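Undergrad: Whatever this is, show me its structure:
(one chain, ligands or ions: 1)
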Amino acid sequence: MTKTGIMSTEKLPTRSENYSEWYNQLIQRSEMADYAPVRGCMVVRPYGWALWENIQATLDRRFKATGHVNAAFPLFIPMSFLEKEKEHVEGFSPELAVVTIGGGEILEEPLVVRPTSETIIGYMYSKWIKSYRDLPVLINQWANVVRWEMRTRLFLRTLEFYWQEGHTAHASEKEAVEETLRMLDVYTDFAINEAAVPVIPGRKSQSEKFAGAASSYTIEAMMGDTRALQAGTSHFLGQNFAKAFEIQYLDPSNQLQHCWTTSWGLSTRFIGAIIMTHGDDQGLVLPPRLAPIQVVIVPIYKNDAEREKVMSVAQRVYAELNEKFRVKLDDRAEVTPGFKFNDWELRGVPLRIEIGPKDVDKNVITVSRRHIPGRDGKSAISSEQVTPQVDTLLKEIQAAMLEKATRFRDANIHEPKDYDEFKQIIQNGWALSWWCGSAECEAKIKEETKATTRCIPLNNPEGHGHCVYCGAEAKEKIYFARAY
Ligand SMILES: [Zn+2]
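TA: Numbering: from 1, shown residues only. Next up is the predicted model:
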(Lines give C-alpha, C1' and ligand atoms only; values in the text may rest on other atoms or scores of the structure.)
Protein backbone atom coordinates (compact mmCIF):
# COMPACT_ATOMS: atom_id res chain seq x y z
CA MET A 1 0.00 0.00 0.00
CA THR A 2 1.32 3.41 -0.88
CA LYS A 3 0.91 6.18 1.59
CA THR A 4 -1.65 8.63 0.28
CA GLY A 5 -3.09 11.88 1.44
CA ILE A 6 -1.83 15.15 2.67
CA MET A 7 1.68 14.20 3.82
CA SER A 8 2.52 12.28 0.68
CA THR A 9 5.54 13.71 -1.13
CA GLU A 10 5.49 11.34 -4.10
CA LYS A 11 4.80 13.05 -7.36
CA LEU A 12 1.46 12.50 -9.05
CA PRO A 13 1.79 10.62 -12.35
CA THR A 14 1.28 13.05 -15.24
CA ARG A 15 -1.81 12.75 -17.43
CA SER A 16 0.27 11.89 -20.48
CA GLU A 17 2.19 9.19 -18.59
CA ASN A 18 -0.89 7.39 -17.36
CA TYR A 19 -4.23 9.14 -17.40
CA SER A 20 -6.07 6.54 -15.44
CA GLU A 21 -3.42 6.34 -12.71
CA TRP A 22 -3.38 10.15 -12.56
CA TYR A 23 -7.13 10.05 -11.99
CA ASN A 24 -7.10 7.32 -9.35
CA GLN A 25 -4.21 8.72 -7.37
CA LEU A 26 -5.45 12.27 -7.57
CA ILE A 27 -8.79 11.34 -6.03
CA GLN A 28 -7.14 9.55 -3.16
CA ARG A 29 -4.38 12.07 -2.52
CA SER A 30 -6.69 15.04 -2.62
CA GLU A 31 -8.88 13.14 -0.14
CA MET A 32 -11.97 13.28 -2.32
CA ALA A 33 -12.71 9.58 -1.96
CA ASP A 34 -11.24 6.23 -1.02
CA TYR A 35 -11.89 2.59 -1.77
CA ALA A 36 -14.26 0.78 0.57
CA PRO A 37 -13.66 -2.77 1.86
CA VAL A 38 -16.35 -4.11 -0.51
CA ARG A 39 -15.06 -4.32 -4.08
CA GLY A 40 -16.37 -1.49 -6.23
CA CYS A 41 -17.74 0.56 -3.37
CA MET A 42 -16.49 4.03 -2.55
CA VAL A 43 -16.13 6.17 0.53
CA VAL A 44 -16.73 9.81 -0.28
CA ARG A 45 -14.46 11.74 2.08
CA PRO A 46 -15.36 15.15 3.53
CA TYR A 47 -13.58 17.14 0.79
CA GLY A 48 -15.40 15.19 -1.94
CA TRP A 49 -18.69 15.35 -0.07
CA ALA A 50 -18.36 19.13 0.34
CA LEU A 51 -18.10 19.38 -3.45
CA TRP A 52 -21.17 17.15 -3.79
CA GLU A 53 -23.07 19.30 -1.30
CA ASN A 54 -22.34 22.36 -3.42
CA ILE A 55 -23.52 20.49 -6.52
CA GLN A 56 -26.66 19.42 -4.64
CA ALA A 57 -27.42 22.94 -3.41
CA THR A 58 -27.20 24.53 -6.82
CA LEU A 59 -29.20 21.78 -8.53
CA ASP A 60 -31.81 21.69 -5.77
CA ARG A 61 -32.33 25.44 -6.17
CA ARG A 62 -32.95 24.92 -9.89
CA PHE A 63 -35.35 22.00 -9.29
CA LYS A 64 -37.41 24.07 -6.87
CA ALA A 65 -37.39 27.06 -9.19
CA THR A 66 -38.96 24.81 -11.85
CA GLY A 67 -41.73 23.66 -9.51
CA HIS A 68 -40.36 20.42 -8.08
CA VAL A 69 -40.51 19.19 -4.49
CA ASN A 70 -38.36 16.62 -2.68
CA ALA A 71 -39.50 13.38 -1.05
CA ALA A 72 -37.91 10.07 0.00
CA PHE A 73 -38.86 6.61 -1.27
CA PRO A 74 -37.69 3.26 0.14
CA LEU A 75 -34.37 1.57 -0.60
CA PHE A 76 -36.06 -1.84 -1.07
CA ILE A 77 -38.29 -2.65 -4.00
CA PRO A 78 -40.27 -5.90 -4.38
CA MET A 79 -38.71 -7.98 -7.17
CA SER A 80 -42.08 -8.29 -8.90
CA PHE A 81 -42.19 -4.50 -9.43
CA LEU A 82 -39.17 -4.58 -11.69
CA GLU A 83 -40.68 -7.37 -13.73
CA LYS A 84 -43.71 -5.28 -14.63
CA GLU A 85 -41.85 -3.29 -17.29
CA LYS A 86 -40.19 -5.68 -19.73
CA GLU A 87 -37.38 -3.52 -21.10
CA HIS A 88 -36.68 -2.13 -17.66
CA VAL A 89 -36.14 -5.53 -16.04
CA GLU A 90 -34.06 -6.76 -18.99
CA GLY A 91 -31.84 -3.71 -18.74
CA PHE A 92 -31.33 -3.83 -15.01
CA SER A 93 -31.38 -7.57 -14.16
CA PRO A 94 -27.64 -8.14 -14.62
CA GLU A 95 -26.87 -5.32 -12.18
CA LEU A 96 -29.29 -6.07 -9.37
CA ALA A 97 -28.42 -6.64 -5.73
CA VAL A 98 -31.16 -8.77 -4.24
CA VAL A 99 -32.00 -9.33 -0.58
CA THR A 100 -33.42 -12.78 0.11
CA ILE A 101 -33.05 -13.00 3.90
CA GLY A 102 -34.35 -10.49 6.43
CA GLY A 103 -34.19 -10.86 10.19
CA GLY A 104 -32.87 -14.39 9.78
CA GLU A 105 -35.91 -15.51 7.75
CA ILE A 106 -36.06 -16.28 4.05
CA LEU A 107 -38.27 -13.58 2.54
CA GLU A 108 -41.48 -14.54 0.76
CA GLU A 109 -40.56 -12.21 -2.05
CA PRO A 110 -36.96 -11.14 -2.73
CA LEU A 111 -36.30 -7.43 -2.40
CA VAL A 112 -34.21 -5.50 -4.86
CA VAL A 113 -31.91 -2.78 -3.56
CA ARG A 114 -33.04 0.09 -5.81
CA PRO A 115 -30.96 0.54 -8.95
CA THR A 116 -33.33 3.43 -9.80
CA SER A 117 -36.86 4.14 -8.55
CA GLU A 118 -39.27 4.31 -11.50
CA THR A 119 -41.09 1.19 -10.32
CA ILE A 120 -41.61 1.98 -6.65
CA ILE A 121 -42.49 5.59 -7.43
CA GLY A 122 -44.78 4.45 -10.25
CA TYR A 123 -46.58 2.20 -7.77
CA MET A 124 -47.05 5.09 -5.34
CA TYR A 125 -48.19 7.45 -8.10
CA SER A 126 -50.90 4.97 -9.09
CA LYS A 127 -52.24 5.30 -5.52
CA TRP A 128 -51.93 9.05 -5.32
CA ILE A 129 -53.09 10.21 -8.74
CA LYS A 130 -56.85 10.07 -9.26
CA SER A 131 -57.87 13.09 -11.28
CA TYR A 132 -56.44 15.53 -13.81
CA ARG A 133 -56.48 17.99 -10.90
CA ASP A 134 -53.70 15.95 -9.22
CA LEU A 135 -51.39 16.57 -12.18
CA PRO A 136 -48.63 17.26 -12.82
CA VAL A 137 -46.77 15.49 -10.01
CA LEU A 138 -43.22 16.82 -9.86
CA ILE A 139 -41.12 14.97 -7.27
CA ASN A 140 -37.37 14.61 -6.87
CA GLN A 141 -35.43 12.51 -4.40
CA TRP A 142 -31.80 12.70 -3.28
CA ALA A 143 -30.73 9.13 -2.68
CA ASN A 144 -28.19 6.37 -3.05
CA VAL A 145 -28.68 3.51 -5.51
CA VAL A 146 -26.91 0.21 -6.16
CA ARG A 147 -25.91 -1.27 -9.51
CA TRP A 148 -23.69 -4.35 -9.39
CA GLU A 149 -21.09 -3.19 -11.89
CA MET A 150 -18.21 -5.46 -12.86
CA ARG A 151 -15.65 -2.84 -13.78
CA THR A 152 -15.67 0.00 -11.34
CA ARG A 153 -13.86 3.29 -10.94
CA LEU A 154 -14.08 5.95 -8.22
CA PHE A 155 -16.97 8.34 -8.94
CA LEU A 156 -17.40 7.16 -12.54
CA ARG A 157 -18.84 3.74 -11.90
CA THR A 158 -19.26 2.33 -8.42
CA LEU A 159 -21.56 -0.33 -6.99
CA GLU A 160 -23.28 2.24 -4.85
CA PHE A 161 -23.51 5.88 -5.81
CA TYR A 162 -25.34 9.03 -4.80
CA TRP A 163 -27.65 10.96 -7.05
CA GLN A 164 -30.91 12.71 -7.45
CA GLU A 165 -33.73 11.20 -9.43
CA GLY A 166 -36.69 13.25 -10.55
CA HIS A 167 -39.94 11.46 -11.37
CA THR A 168 -42.84 13.32 -12.87
CA ALA A 169 -46.32 12.44 -14.11
CA HIS A 170 -48.31 14.51 -16.60
CA ALA A 171 -51.70 14.59 -18.28
CA SER A 172 -50.35 14.87 -21.81
CA GLU A 173 -47.50 13.69 -23.97
CA LYS A 174 -46.67 17.28 -24.85
CA GLU A 175 -46.26 18.28 -21.20
CA ALA A 176 -44.10 15.25 -20.43
CA VAL A 177 -41.84 15.94 -23.41
CA GLU A 178 -41.55 19.57 -22.33
CA GLU A 179 -40.60 18.46 -18.82
CA THR A 180 -37.95 16.06 -20.18
CA LEU A 181 -36.36 18.85 -22.20
CA ARG A 182 -36.74 21.41 -19.41
CA MET A 183 -34.72 19.21 -17.05
CA LEU A 184 -32.12 18.57 -19.75
CA ASP A 185 -31.85 22.37 -19.95
CA VAL A 186 -31.46 22.60 -16.17
CA TYR A 187 -28.60 20.09 -16.30
CA THR A 188 -26.98 21.88 -19.23
CA ASP A 189 -27.20 25.22 -17.44
CA PHE A 190 -25.79 23.71 -14.24
CA ALA A 191 -22.90 22.00 -16.05
CA ILE A 192 -21.90 25.06 -18.05
CA ASN A 193 -22.53 27.85 -15.57
CA GLU A 194 -21.68 26.18 -12.25
CA ALA A 195 -19.17 23.48 -13.15
CA ALA A 196 -17.64 25.18 -16.21
CA VAL A 197 -18.08 21.84 -18.02
CA PRO A 198 -19.15 22.64 -21.61
CA VAL A 199 -21.54 19.74 -22.15
CA ILE A 200 -23.35 18.97 -25.36
CA PRO A 201 -27.06 18.24 -24.86
CA GLY A 202 -28.71 15.76 -27.15
CA ARG A 203 -30.81 12.68 -27.70
CA LYS A 204 -29.52 9.14 -27.19
CA SER A 205 -29.83 6.55 -29.95
CA GLN A 206 -32.43 3.82 -29.37
CA SER A 207 -29.75 1.31 -28.38
CA GLU A 208 -28.19 3.69 -25.85
CA LYS A 209 -31.41 4.84 -24.23
CA PHE A 210 -32.55 4.09 -20.67
CA ALA A 211 -34.18 0.67 -20.24
CA GLY A 212 -37.90 1.38 -20.34
CA ALA A 213 -37.78 4.89 -21.81
CA ALA A 214 -39.44 6.03 -25.03
CA SER A 215 -36.51 8.38 -25.57
CA SER A 216 -33.52 9.47 -23.53
CA TYR A 217 -31.66 12.75 -23.51
CA THR A 218 -28.16 13.32 -22.19
CA ILE A 219 -25.52 15.91 -21.52
CA GLU A 220 -22.19 14.65 -22.87
CA ALA A 221 -18.88 16.03 -21.62
CA MET A 222 -15.38 15.67 -23.06
CA MET A 223 -12.75 14.62 -20.54
CA GLY A 224 -9.09 15.72 -20.59
CA ASP A 225 -8.12 12.58 -22.54
CA THR A 226 -10.89 13.36 -25.09
CA ARG A 227 -13.06 10.46 -23.99
CA ALA A 228 -16.76 11.19 -23.51
CA LEU A 229 -18.65 11.03 -20.26
CA GLN A 230 -22.43 10.88 -19.99
CA ALA A 231 -22.89 13.42 -17.23
CA GLY A 232 -26.64 13.54 -16.68
CA THR A 233 -29.76 12.10 -18.33
CA SER A 234 -33.41 13.00 -18.78
CA HIS A 235 -35.88 10.39 -19.99
CA PHE A 236 -39.28 10.66 -21.64
CA LEU A 237 -40.93 7.43 -20.46
CA GLY A 238 -44.04 7.73 -22.63
CA GLN A 239 -46.82 5.66 -21.06
CA ASN A 240 -44.59 2.61 -20.49
CA PHE A 241 -44.48 2.86 -16.72
CA ALA A 242 -47.97 4.37 -16.48
CA LYS A 243 -49.32 1.24 -18.18
CA ALA A 244 -47.17 -1.16 -16.17
CA PHE A 245 -48.26 0.43 -12.88
CA GLU A 246 -51.70 1.70 -13.87
CA ILE A 247 -50.90 5.33 -13.22
CA GLN A 248 -54.25 6.68 -14.38
CA TYR A 249 -56.38 9.76 -13.97
CA LEU A 250 -59.89 10.89 -14.77
CA ASP A 251 -59.80 13.64 -17.38
CA PRO A 252 -62.24 16.62 -17.31
CA SER A 253 -64.82 14.57 -19.24
CA ASN A 254 -64.52 11.77 -16.69
CA GLN A 255 -62.62 9.40 -18.98
CA LEU A 256 -59.86 7.25 -17.48
CA GLN A 257 -56.46 8.08 -19.06
CA HIS A 258 -52.92 6.85 -18.59
CA CYS A 259 -50.39 9.43 -17.42
CA TRP A 260 -47.22 10.34 -19.31
CA THR A 261 -44.12 10.15 -17.15
CA THR A 262 -40.51 11.28 -17.09
CA SER A 263 -37.42 10.61 -15.00
CA TRP A 264 -34.09 12.41 -14.83
CA GLY A 265 -30.90 11.98 -12.84
CA LEU A 266 -27.47 13.37 -12.15
CA SER A 267 -25.03 11.57 -9.86
CA THR A 268 -21.70 11.73 -8.05
CA ARG A 269 -20.33 10.69 -11.44
CA PHE A 270 -20.39 14.39 -12.20
CA ILE A 271 -17.53 14.82 -9.74
CA GLY A 272 -15.49 12.62 -12.09
CA ALA A 273 -16.51 14.95 -14.93
CA ILE A 274 -15.23 17.98 -13.02
CA ILE A 275 -11.95 16.25 -12.15
CA MET A 276 -11.27 15.12 -15.71
CA THR A 277 -12.45 18.28 -17.45
CA HIS A 278 -10.31 20.69 -15.45
CA GLY A 279 -7.58 18.73 -13.64
CA ASP A 280 -3.92 19.18 -14.62
CA ASP A 281 -0.61 17.50 -13.76
CA GLN A 282 -0.47 19.35 -10.42
CA GLY A 283 -3.87 18.09 -9.36
CA LEU A 284 -7.47 19.19 -9.18
CA VAL A 285 -8.63 22.50 -10.63
CA LEU A 286 -12.05 23.25 -9.17
CA PRO A 287 -14.49 25.80 -10.55
CA PRO A 288 -14.93 28.65 -8.04
CA ARG A 289 -18.72 28.35 -7.94
CA LEU A 290 -18.54 24.76 -6.65
CA ALA A 291 -15.15 24.56 -4.92
CA PRO A 292 -15.39 23.54 -1.24
CA ILE A 293 -12.66 26.09 -0.53
CA GLN A 294 -12.63 29.05 -2.93
CA VAL A 295 -9.72 30.96 -1.44
CA VAL A 296 -6.82 29.81 0.70
CA ILE A 297 -4.59 32.26 2.54
CA VAL A 298 -0.96 31.22 3.12
CA PRO A 299 1.06 33.44 5.45
CA ILE A 300 4.83 33.54 4.79
CA TYR A 301 7.32 34.42 7.53
CA LYS A 302 10.77 33.45 8.84
CA ASN A 303 10.70 34.49 12.48
CA ASP A 304 8.33 35.49 15.27
CA ALA A 305 8.46 39.19 14.49
CA GLU A 306 7.55 38.57 10.84
CA ARG A 307 4.92 36.08 11.92
CA GLU A 308 3.17 38.64 14.06
CA LYS A 309 3.25 41.25 11.33
CA VAL A 310 2.01 38.87 8.61
CA MET A 311 -0.61 37.10 10.69
CA SER A 312 -2.38 40.28 11.70
CA VAL A 313 -2.96 41.11 8.02
CA ALA A 314 -3.77 37.49 7.17
CA GLN A 315 -6.41 37.37 9.89
CA ARG A 316 -7.94 40.66 8.83
CA VAL A 317 -8.12 39.52 5.19
CA TYR A 318 -9.55 36.17 6.30
CA ALA A 319 -12.25 37.83 8.40
CA GLU A 320 -13.20 40.11 5.53
CA LEU A 321 -13.35 37.33 2.91
CA ASN A 322 -15.08 34.89 5.22
CA GLU A 323 -18.19 37.07 5.10
CA LYS A 324 -18.74 36.21 1.46
CA PHE A 325 -16.56 33.29 0.36
CA ARG A 326 -15.56 29.79 1.40
CA VAL A 327 -12.11 30.67 2.64
CA LYS A 328 -9.38 28.93 4.62
CA LEU A 329 -6.45 30.45 6.50
CA ASP A 330 -3.67 27.86 6.45
CA ASP A 331 -1.78 28.72 9.63
CA ARG A 332 -0.15 25.31 10.08
CA ALA A 333 3.23 25.88 11.69
CA GLU A 334 4.65 22.40 11.07
CA VAL A 335 4.84 22.63 7.26
CA THR A 336 6.56 25.11 4.93
CA PRO A 337 4.74 27.55 2.64
CA GLY A 338 6.08 25.56 -0.34
CA PHE A 339 4.45 22.43 1.01
CA LYS A 340 1.20 24.32 1.49
CA PHE A 341 1.30 25.64 -2.09
CA ASN A 342 1.63 22.11 -3.47
CA ASP A 343 -1.02 20.82 -1.13
CA TRP A 344 -3.66 23.40 -2.14
CA GLU A 345 -2.72 23.06 -5.79
CA LEU A 346 -3.33 19.32 -5.52
CA ARG A 347 -6.73 20.06 -3.98
CA GLY A 348 -7.60 22.53 -6.72
CA VAL A 349 -8.41 25.62 -4.66
CA PRO A 350 -9.12 28.26 -7.36
CA LEU A 351 -7.39 31.19 -5.69
CA ARG A 352 -4.42 31.33 -3.31
CA ILE A 353 -3.45 34.43 -1.41
CA GLU A 354 0.13 34.73 -0.18
CA ILE A 355 1.03 37.31 2.41
CA GLY A 356 4.69 37.93 3.30
CA PRO A 357 6.45 40.71 5.25
CA LYS A 358 7.29 42.65 2.07
CA ASP A 359 3.67 42.46 0.94
CA VAL A 360 2.61 43.91 4.29
CA ASP A 361 5.07 46.82 3.87
CA LYS A 362 3.65 47.59 0.44
CA ASN A 363 -0.02 47.09 1.45
CA VAL A 364 -0.44 44.35 -1.12
CA ILE A 365 -1.20 40.66 -1.19
CA THR A 366 -0.12 38.20 -3.86
CA VAL A 367 -2.81 36.17 -5.63
CA SER A 368 -2.22 32.95 -7.60
CA ARG A 369 -4.82 31.60 -9.99
CA ARG A 370 -4.92 27.80 -9.87
CA HIS A 371 -5.94 27.38 -13.51
CA ILE A 372 -2.81 29.24 -14.73
CA PRO A 373 0.20 27.40 -13.27
CA GLY A 374 3.40 29.21 -12.33
CA ARG A 375 4.32 32.90 -12.53
CA ASP A 376 1.76 33.73 -15.21
CA GLY A 377 -1.05 33.12 -12.78
CA LYS A 378 0.37 35.43 -10.13
CA SER A 379 -0.28 39.10 -9.49
CA ALA A 380 -0.41 41.61 -6.63
CA ILE A 381 -3.59 43.29 -5.46
CA SER A 382 -4.21 45.88 -2.75
CA SER A 383 -4.64 44.44 0.72
CA GLU A 384 -7.46 46.94 1.34
CA GLN A 385 -11.04 46.12 0.32
CA VAL A 386 -10.12 42.63 -0.72
CA THR A 387 -13.67 41.32 -1.15
CA PRO A 388 -14.62 43.08 -4.41
CA GLN A 389 -11.22 42.27 -5.91
CA VAL A 390 -11.50 38.59 -5.03
CA ASP A 391 -15.07 38.53 -6.30
CA THR A 392 -13.89 39.78 -9.68
CA LEU A 393 -10.98 37.33 -9.73
CA LEU A 394 -13.19 34.32 -8.97
CA LYS A 395 -15.61 35.32 -11.71
CA GLU A 396 -12.72 35.70 -14.15
CA ILE A 397 -11.38 32.27 -13.17
CA GLN A 398 -14.81 30.67 -13.59
CA ALA A 399 -15.17 32.20 -17.06
CA ALA A 400 -11.61 31.34 -18.10
CA MET A 401 -12.05 27.70 -17.04
CA LEU A 402 -15.19 27.38 -19.15
CA GLU A 403 -13.48 29.03 -22.09
CA LYS A 404 -10.42 26.77 -21.82
CA ALA A 405 -12.55 23.62 -21.59
CA THR A 406 -14.71 24.75 -24.51
CA ARG A 407 -11.66 25.44 -26.66
CA PHE A 408 -10.26 22.00 -25.83
CA ARG A 409 -13.57 20.34 -26.65
CA ASP A 410 -13.99 22.13 -29.96
CA ALA A 411 -10.39 21.44 -30.98
CA ASN A 412 -11.05 17.72 -30.53
CA ILE A 413 -14.33 17.36 -32.41
CA HIS A 414 -14.04 16.68 -36.13
CA GLU A 415 -16.37 15.87 -38.98
CA PRO A 416 -14.92 12.94 -40.91
CA LYS A 417 -15.32 12.76 -44.67
CA ASP A 418 -15.16 8.97 -44.72
CA TYR A 419 -14.82 5.93 -42.48
CA ASP A 420 -11.01 5.87 -42.68
CA GLU A 421 -10.86 9.41 -41.40
CA PHE A 422 -13.47 8.51 -38.80
CA LYS A 423 -11.20 5.77 -37.41
CA GLN A 424 -8.34 8.25 -37.16
CA ILE A 425 -10.41 10.90 -35.39
CA ILE A 426 -11.82 8.44 -32.88
CA GLN A 427 -8.31 7.61 -31.62
CA ASN A 428 -8.06 10.99 -30.00
CA GLY A 429 -11.30 12.91 -30.25
CA TRP A 430 -14.98 12.89 -31.13
CA ALA A 431 -16.47 12.44 -34.57
CA LEU A 432 -19.62 14.27 -35.56
CA SER A 433 -20.87 12.08 -38.36
CA TRP A 434 -23.84 11.42 -40.56
CA TRP A 435 -25.55 8.26 -39.39
CA CYS A 436 -28.34 6.36 -41.11
CA GLY A 437 -30.00 5.56 -37.80
CA SER A 438 -29.52 1.79 -37.97
CA ALA A 439 -28.49 -0.11 -34.86
CA GLU A 440 -26.33 -2.39 -37.04
CA CYS A 441 -24.07 0.43 -38.21
CA GLU A 442 -23.83 1.61 -34.62
CA ALA A 443 -22.89 -1.90 -33.41
CA LYS A 444 -20.34 -2.42 -36.20
CA ILE A 445 -18.66 0.89 -35.46
CA LYS A 446 -18.52 0.02 -31.78
CA GLU A 447 -17.02 -3.38 -32.52
CA GLU A 448 -14.42 -2.02 -34.93
CA THR A 449 -13.42 1.22 -33.18
CA LYS A 450 -14.73 1.01 -29.57
CA ALA A 451 -16.57 4.27 -30.26
CA THR A 452 -20.20 4.51 -29.20
CA THR A 453 -22.87 6.97 -30.22
CA ARG A 454 -23.03 9.74 -27.63
CA CYS A 455 -25.91 11.94 -28.74
CA ILE A 456 -27.76 13.52 -31.59
CA PRO A 457 -27.26 17.19 -30.74
CA LEU A 458 -30.41 19.19 -30.06
CA ASN A 459 -29.27 21.83 -32.51
CA ASN A 460 -28.73 19.31 -35.31
CA PRO A 461 -28.82 21.29 -38.53
CA GLU A 462 -31.37 20.46 -41.21
CA GLY A 463 -29.89 18.57 -44.07
CA HIS A 464 -28.82 15.16 -45.19
CA GLY A 465 -25.71 13.22 -46.12
CA HIS A 466 -24.42 9.66 -46.21
CA CYS A 467 -23.94 7.35 -43.23
CA VAL A 468 -20.26 7.27 -42.31
CA TYR A 469 -20.41 3.47 -42.10
CA CYS A 470 -22.78 2.12 -44.75
CA GLY A 471 -23.11 5.14 -47.04
CA ALA A 472 -26.91 5.05 -46.96
CA GLU A 473 -28.97 8.23 -46.91
CA ALA A 474 -28.71 9.88 -43.47
CA LYS A 475 -30.79 12.68 -42.01
CA GLU A 476 -29.06 13.14 -38.68
CA LYS A 477 -25.57 13.77 -37.43
CA ILE A 478 -24.52 12.08 -34.22
CA TYR A 479 -21.45 12.29 -31.99
CA PHE A 480 -19.30 9.19 -31.77
CA ALA A 481 -16.59 8.82 -29.12
CA ARG A 482 -14.85 6.36 -26.91
CA ALA A 483 -16.55 6.83 -23.57
CA TYR A 484 -16.20 6.19 -19.86
ZN1 LIG B 1 -25.45 3.19 -41.78
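Undergrad: Please list the residues outside stretch 410-428 that contact it.
TA: With contacts defined as Cβ atoms under 8 Å, 6 or more residues apart in numbering, stretch 410-428 is touched by 222, 226, 429-433, 445, 448-451, 468-469, 477, 479-482. Placement of C-beta: from N, CA and C, glycine included.
Undergrad: Of those, which belong to helices?
TA: Within the contacts of stretch 410-428, residues falling in helices by DSSP state H are 445, 448-449.
Undergrad: Name the member of those that has the highest neighbour count.
TA: Highest neighbour count within the ones in helices among the contacts of stretch 410-428, by other Cβ atoms under 10 Å: residue 445, with 24 neighbours.
Undergrad: residues contacting that residue?
TA: Residue 445 neighbours (Cβ under 8 Å, 6+ apart): 422, 451, 468-469, 480.
Undergrad: restrict the ones in helices among the contacts of stretch 410-428 to contacts with the ion.
TA: For the ion, no contacts are drawn from the ones in helices among the contacts of stretch 410-428 by Cβ under 5 Å from the ion.
Undergrad: okay if I get those residues as a markdown table plus pLDDT and distance to residue 215?
TA: Formatted as a markdown table, those follow (pLDDT from 0 to 100; distance: Cβ to Cβ, whole Å):
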| residue | pLDDT | distance to residue 215 |
| --- | --- | --- |
| 445 | 97 | 21 |
| 448 | 97 | 27 |
| 449 | 97 | 25 |
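Undergrad: Out of the residues you listed, the closest to residue 402 would be?
TA: For the ones in helices among the contacts of stretch 410-428, the residue nearest residue 402 by Cβ to Cβ is residue 449; the value is 29.9 Å.
Undergrad: What's the local residue count around the nearest residue to that closest one once chain neighbours are set aside?
TA: Of all residues not flanking residue 449 in the chain, residue 426 sits nearest, at 5.0 Å (Cβ to Cβ, 6 or more residues apart in numbering). Look at residue 426: counted by other Cβ under 10 Å, it has 22 neighbours.
Undergrad: quick one: least confident helix or strand in this protein?
TA: helix 86-92 (a mean of 88; mean pLDDT, DSSP states H and E).
Undergrad: Which members of the contacts of stretch 410-428 are classed as buried?
TA: Using 16 or more other Cβ atoms under 10 Å as the burial test, the contacts of stretch 410-428 include 222, 226, 429-433, 445, 449, 451, 468-469, 477, 479-482 as buried.
Undergrad: Which ones among those residues lie within strands?
TA: 222, 430-433, 477, 479-481 (DSSP state E).
Undergrad: Check those against the ion and report the nearest one.
TA: The shortest approach to the ion among these belongs to residue 433, at 9.8 Å (Cβ to the ion).
Undergrad: quick one: contacts for that closest one?
TA: Shown in contact with residue 433 (Cβ under 8 Å, 6+ apart): 415-416, 422, 468, 477-478, 480.
Undergrad: That one bridge partners, please.
TA: With DSSP bridges as the criterion, residue 433 is bridged to residue 478.
Undergrad: Against residue 453, how distant is it?
TA: 9 Å (Cβ to Cβ, to the nearest Å).
Undergrad: returning to that earlier point: distance to residue 371 and pLDDT for the contacts of residue 433 - can I get that in a markdown table?
TA: Shown next, in a markdown table, are the contacts of residue 433 (distance: Cβ to Cβ, whole Å; pLDDT from 0 to 100):
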| residue | distance to residue 371 | pLDDT |
| --- | --- | --- |
| 415 | 29 | 96 |
| 416 | 32 | 96 |
| 422 | 33 | 98 |
| 468 | 36 | 96 |
| 477 | 32 | 96 |
| 478 | 32 | 97 |
| 480 | 30 | 98 |
